[in-house]
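K.L.:
give me coordinates for this.
(chains A and B)
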There are 2 protein chains.
Amino acid sequence: MPVFEHHVFICTNERDATASRPSCLPRGSKKLKSAFKDAIKEAGLKHKVRANESGCLDQCEHGPVVVVYPDAVWYGGVHVNDVEEIVREHLVQGNPVKRLRLSESCINSEHCPHRP
Amino acid sequence: MPVFEHHVFICTNERDATASRPSCLPRGSKKLKSAFKDAIKEAGLKHKVRANESGCLDQCEHGPVVVVYPDAVWYGGVHVNDVEEIVREHLVQGNPVKRLRLSESCINSEHCPHRP
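P.N.:
Prediction:
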């Protein structure tokens, strides 16, 4: 079996409540990881697609944040209710979910209006 | 600034010492992450390349394991002494380091001789 068709990284970083930037874990990203695992299995993609926890992906203002490789498609503000759609549309059909994608102009940009 | 040119995920998963499979953290992967961060900065790639901790990448017998996206290049048995070479050869020059790459036949394969 080759490498993963898709590798989904879900930020589960947790910052202190007093930190200047928010973090993904308090916004439910652990449940998100479980939801991805379940939906991937349900879609028959086990061993082809992997859902992974990751450390801080540095797009903290858009959390919970998910990045899908090798496509390098970034999603922000992902809720467990969005997972089935991402799996069905993106991971099965190959069509990233536009309504959840992070704008490239906001990724790694100090000028994104979401940045403090 | 666009998305990352390269996104390096370093497994920092830790299993119980009695687990049937090994894990990457006890084999030094936290130091590996720091070494990648330092070498990336030193190479002038800060903001272009990101070194990220990840949960279990499921190639546990080959740890410490590192995967570089969007290339989907997997490295196994990575030591801090290898980091400068990976950064220089792969992340700067674009040439993955052959001697450290995991064979595709061993990734996600139950038939890899490294698997228990």
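
K.L.:
from residue A:82, how far out is the residue positioned nearest the centre of chain A?
P.N.:
Chain A has residue A:66 as the residue nearest its centroid, 1.2 Å off, counting by Cα atoms, centre = their mean. According to Cβ to Cβ, to the nearest Å, residue A:66 stands 9 Å off from residue A:82. (C-beta placed from N, C-alpha, C; glycine too.)

K.L.:
which neighbours do the two have in common?
P.N.:
Common neighbours of residue A:66 and residue A:82, counting by Cβ atoms under 8 Å, 6 or more residues apart in numbering or on different chains, are residue A:75.

K.L.:
just the helices in chain A please.
P.N.:
A:29-42, A:80-85 (DSSP state H).

K.L.:
is the residue nearest to the centre of chain A in a bridge, and if so with what?
P.N.:
Residue A:66 forms beta bridges with residue A:10, residue A:75, as assigned by DSSP bridges.

K.L.:
pLDDT value on it, please?
P.N.:
At residue A:66, the pLDDT value in this model is 97.

K.L.:
mind listing what it touches?
P.N.:
Contacts of residue A:66 by Cβ under 8 Å, 6+ apart are A:8, A:9, A:10, A:11, A:32, A:36, A:74, A:75, A:78, A:86.

K.L.:
show me what contacts the fourth one?
P.N.:
In other words, residue A:11. A:23-25, A:29, A:54-57, A:59, A:63-66.
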